[in-house]
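Student: Prediction below, plus the sequence it came from.
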Amino acid sequence: MKISSIATNDIEEVEDTPLMRQWREVKSKHQDALVVFRVGDFYELFFEDAKIAASALDIALTKRGKHNDEDIPMCGVPHHSAENYIFSLINKGFRPYLPY
C-alpha cells in the first residue's frame with residue numbers, strides 16, 4: 001500500500017530545510033510506510049502520513065511550514081509515550097518506519 005499522496009516528483013520540491021531534506025530522502029525509500037521522525041521531544045509525521053496517523057490515533061493534526069503555498073500537515077506524539085502509539089499503528093495495520 002502506498003501511503004504518501006505526494007507524487008515522487010513532488011518530493012523534490014518540498015521546502016528545503018534540513019528536516020524536510022531528510023524526510024524527503026527517507027520517504028522516497030519507504031513510500032509504503034508511515035515515516036516517523038524524532039524531532040526534539042516528539043516523534044513527528046508529515047504530509048499524508050500525518051493525516052493518516054492523526055486519524056488512526058485520534059490526535060491533533062497541526063501544520064509545519066508550506067509546500068506549494070499550502071500548509072504541510074503534521075502530527076506528533078511525545079517521545080516518552082511513542083511506543084504505545086507505534087504499537088497502536090501496527091495493530092491497526094500500518095507499517096511505521098523510524099529511520100533512527
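Tutor: Looks like it arrived, so ask away.

Student: What about Asp16, how many residues nearby?
Tutor: 9 (other Cβ atoms under 10 Å). Backbone N, C-alpha and C define where each C-beta goes, glycine included.

Student: hang on, it in a strand?
Tutor: No: per DSSP: H, G, I helix; E, B strand; the rest coil, Asp16 lies outside any strand segment and is coil.

Student: how much space between it and Gly76?
Tutor: 21 Å (Cβ to Cβ, to the nearest Å).

Student: which element is Lys66 on?
Tutor: For Lys66, the host element (DSSP states H and E) is strand 62-67.

Student: chain center to that strand: distance?
Tutor: 12 Å (Cα atoms, centre = their mean, to the nearest Å).

Student: what's that strand packed up against?
Tutor: For strand 62-67, the packing partners by 3 or more Cβ pairs under 8 Å, 6 or more residues apart in numbering; DSSP states H and E come out as strand 70-78.

Student: Near the residue nearest to Leu45 when sequence neighbours are not counted, how many other residues are there?
Tutor: Nearest residue to Leu45, sequence neighbours excluded (Cβ to Cβ, 6 or more residues apart in numbering): Ala53, at 4.8 Å. Residues near Ala53, counting by other Cβ under 10 Å, number 31.

Student: So what touches the host helix or strand of Ala53?
Tutor: Per DSSP H and E, Ala53 falls inside helix 47-57. Applying Cβ atoms under 8 Å, 6 or more residues apart in numbering, the set of residues contacting helix 47-57 from outside is 3-6, 27, 34-36, 44-45, 59-61, 67, 72-75, 77, 85, 88-89, 92, 94.
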